[in-house]
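In: Here is a sequence with its predicted model. Questions after.
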Amino acid sequence: MNANFHLIDLVSQAVAVQSLLRGMSADEKVAWLSSRGTLTPKPKTRADERQTFWFETTTGRSCAFFLDGDEFVFIGDHTTFTVSDSKRV
């Protein structure tokens, strides 16, 4: 894993982060993100709910997301969105 990757804004760097973390387990991805900012899990309200996180980088940029396999699904104002990278199959 590239220890020199500087995460400034997860949303704008999502393609690079997805490529870098591709194939890692969800726990490994959470650990990687935790080492680059503050990752706070949102308490689940239903048993079938996906684990959602609030992430804030060391520069103060923040976002909400959940993981869907190798993809980040970002939660915006009345929307969700993903980003595509060339390695997605």
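Out: Happy to help now that I have it.
In: buried sites along stretch 58-77?
Out: Counting neighbours by 16 or more other Cβ atoms under 10 Å, one finds that the buried residues in stretch 58-77 are R61, C63, F65, F66, L67, D70, E71, F72, V73, F74, I75. (Glycine included, C-beta is placed from N, CA and C.)
In: From A47, how far off is the residue most central in space within the chain?
Out: Nearest to the geometric centre of the chain sits F72, at 5.0 Å (Cα atoms, centre = their mean). Noted for F72: a distance of 23 Å to A47, by Cβ to Cβ, to the nearest Å.
In: ok, now A14?
Out: When distances are taken as Cβ to Cβ, A14 and A47 turn out to be 28 Å apart.
In: neighbour count winner among the two?
Out: Higher neighbour count among A14 and A47: A14, with 20 against 5, using other Cβ atoms under 10 Å.
In: gap between the spatially closest residue to the more buried one that is not a sequence neighbour and D48?
Out: Leaving out its chain neighbours, the residue that sits closest to A14 by Cβ to Cβ, 6 or more residues apart in numbering is V83, at 4.4 Å. In this view, V83 and D48 are 25 Å apart by Cβ to Cβ.
In: So which of these two has more stuff around it?
Out: For V83 versus D48, the count of surrounding residues by other Cβ under 10 Å is larger for V83: 17 against 5.
In: Who are the contact partners of that one?
Out: When contacts are counted by Cβ atoms under 8 Å, 6 or more residues apart in numbering, V83 is found next to A14, V15, Q18, E71, F72.
In: what do you get for M24?
Out: With contacts defined as Cβ under 8 Å, 6+ apart, the neighbours of M24 are W32.
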